[in-house]
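In: structure for the following, please:
(one chain, ligands or ions: 2)
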Amino acid sequence: MSEVSELSDLEKAFLQPYLPPGISKHDDTVQVPLRTTPIDRSHTEIAAQAEESSLPFVTLTYACSLDSMISLAPGLRTTLSGPETKSMTHYLRTHHDAILVGVGTAIPDDPGLNSRYPGATLIMQPRPVVVDPEMRWNVNGSKLAQLAQRGQGKAPWLIHTPRKVEMEPSHDLVGKRIFITAEAATPSEQTQELSKRRNISWSAILKNLKAEGIESVMIEGGATVISTLLSMPELVNSVIVTVAPTWLGQGGVTVSPAPKTDAGERVNAARLQETTWHQFGADAVLCGRLQL
Ligand SMILES: NC(=O)C1=CN([C@@H]2O[C@H](COP(=O)(O)OP(=O)(O)OC[C@H]3O[C@@H](n4cnc5c(N)ncnc54)[C@H](OP(=O)(O)O)[C@@H]3O)[C@@H](O)[C@H]2O)C=CC1
Ligand SMILES: Nc1nc(O)c(N)c(N[C@@H]2O[C@H](COP(=O)(O)O)[C@@H](O)[C@H]2O)n1
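Out: Ligands and ions are numbered 1, 2, ... in the order given. Predicted structure coming up:
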């Protein structure tokens, strides 16, 4: 029996207002009658904006513990989602054109980043994108490459900063390399981990993906990427967080945006609005949009 099972109509209807707009690659999207609640109005507006914008629709999604941790220790792949929320993740993956992680996730986790949702064909697979500025990740032998070779996923695209060294010719294992010059980090990009060097601007990453035909991106992690983007409400359309009923304990990898001040006073760093909760098995799933 597959580890990933179909979502119920109720679960699909719960997620639907937070999914990217447009024609779905997935043919079993529940047709939810239009409502006139604030969530639906907002979703319609956001959908219209995304179509016109030079940016793709961005969904930030991850699984965390009750102490806001996403793994037991740096580099330690940790299962937090139960079977029901794992199925939800694979359902979400079929509804996005791309799925993006940082190299800090790609190296230790060796993820598949495809969708194992029942009936997911190659055309429904998201394009895996890894932000790897310094070319630290070796695609050869990776699970991503194996899945692409077997036709169970698409070949990954890699985001790098321009190299001075002569590049190896691209091979089939890498679908595309996108080179973007790093910029001085904006204050909101200056998380503790990234503040010591120059970063690629997230707006440039997303614009480049849109220019390559990516209309929607599911950003899955890891901690650095998510923490940074939580401070960029202008770039993020939806947030879908799985909360597992467990505490990982001190020393784990925490998701937490950089501190924020207003007129010299500490204020909340980020907040969700238009929130909805639903229970999937033992886990709670919180959907919302970042307050601007
Ligand atoms: N529970 C969950 O849902 C998930 C958990 N995880 C966990 O998260 C952990 C990994 O988190 P973390 O170590 O923070 O790694 P990340 O995946 O967030 O990758 C961080 C690295 O990506 C590169 N990067 C990110 N943003 C930029 C940018 N704007 N410009 C240039 N480079 C950038 C940098 O690479 P470089 O260092 O080369 O400069 C950076 O160090 C793992 O333990 C993993 O298991 C991951 C995903 C989901
Ligand atoms: N939703 C979710 N729940 C968890 O418990 C997780 N550990 C993760 N991790 C993310 O999923 C990637 C693994 O994907 P594959 O199953 O290999 O396709 C991992 O790298 C994280 O991005 N997510």
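
In: which is the next helix or strand following the lowest-mean-pLDDT helix or strand in the chain?
Out: Ranked by mean pLDDT, DSSP states H and E, the weakest helix or strand in the chain is helix 38-52, scoring a mean of 55. Counting by DSSP states H and E, the next helix or strand C-terminal to helix 38-52 is strand 57-64.

In: chain center to that next one: distance?
Out: Mean-position distance between strand 57-64 and its chain equals 4 Å (C-alpha atoms, centre = their mean, to the nearest Å).

In: now check it, is it near ligand 1?
Out: Yes. Counting by C-beta under 6 Å from any ligand atom, ligand 1 is contacted by strand 57-64 at 62-63. Using the backbone N, CA and C atoms, a C-beta is placed for each residue, glycine as well.

In: who touches that strand?
Out: Applying C-beta atoms under 8 Å, 6 or more residues apart in numbering, the contact partners of strand 57-64 are 18-21, 46-47, 50, 70, 80-81, 85, 89, 92, 96, 206, 215-221, 226, 229-230, 235-244, 255, 283.

In: CA atoms of that strand as CSV?
Out: Provided in CSV are the C-alpha atoms of strand 57-64 (Å, rounded to 0.1, in the frame of the first residue of the first chain):
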residue,chain,number,x,y,z
PHE,A,57,2.6,32.6,-6.7
VAL,A,58,4.6,31.5,-3.6
THR,A,59,3.4,29.1,-0.9
LEU,A,60,5.6,28.7,2.1
THR,A,61,5.1,25.3,3.7
TYR,A,62,6.8,23.3,6.4
ALA,A,63,6.2,21.0,9.3
CYS,A,64,7.3,22.1,12.8
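
In: all helices of the stretch 151-292 of the chain, in order?
Out: Applying DSSP state H, counting those that start in this stretch to the stretch 151-292 of the chain gives helices spanning 202-211, 223-229.

In: as TSV, those helices with distance to Ala106 would be great.
Out: Shown next, in TSV, are the helices of the stretch 151-292 of the chain (distance: least, C-beta to C-beta, whole Å):
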stretch	distance to Ala106
helix 202-211	15
helix 223-229	11
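
In: circling back to that earlier point, the contacts of strand 57-64: which ones sit near ligand 1?
Out: By C-beta under 6 Å from any ligand atom, the members of these lying near ligand 1 are 70, 80, 220-221.

In: distance of Ala270 relative to ligand 1?
Out: Per C-beta to the nearest ligand atom, to the nearest Å, Ala270 is found 16 Å from ligand 1.

In: what sits against that residue?
Out: Going by C-beta under 8 Å, 6+ apart, Ala270 touches 230-231, 233, 257, 260, 290-291.

In: what does Gln125 give?
Out: 93-94, 114-115, 152-154.

In: where does pLDDT dip in the stretch 51-200 of the chain?
Out: Of all residues in the stretch 51-200 of the chain, those with pLDDT under 70 make up the ranges 51, 164-172, 184-197.

In: make JSON lines from the contacts of Gln125 and add distance to ligand 2 and neighbour count to it.
Out: Listed next are the contacts of Gln125 as JSON lines, based on distance: C-beta to the nearest ligand atom, whole Å; neighbours: other C-beta atoms under 10 Å:
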{"residue": "Arg93", "distance to ligand 2": "8", "neighbour count": "27"}
{"residue": "Thr94", "distance to ligand 2": "13", "neighbour count": "24"}
{"residue": "Asn114", "distance to ligand 2": "6", "neighbour count": "24"}
{"residue": "Ser115", "distance to ligand 2": "8", "neighbour count": "26"}
{"residue": "Gln152", "distance to ligand 2": "11", "neighbour count": "15"}
{"residue": "Gly153", "distance to ligand 2": "9", "neighbour count": "26"}
{"residue": "Lys154", "distance to ligand 2": "13", "neighbour count": "21"}
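
In: touching, Leu206 and Pro56? I think so.
Out: Yes. Look at Leu206 against Pro56 with C-beta atoms under 8 Å: they come within range, at 5.8 Å.

In: hey, what's in contact with both of these two?
Out: Val217.

In: hmm, back to that, so which of the contacts of Gln125 are in strands?
Out: Residues of the contacts of Gln125 located in strands (DSSP state E): none.
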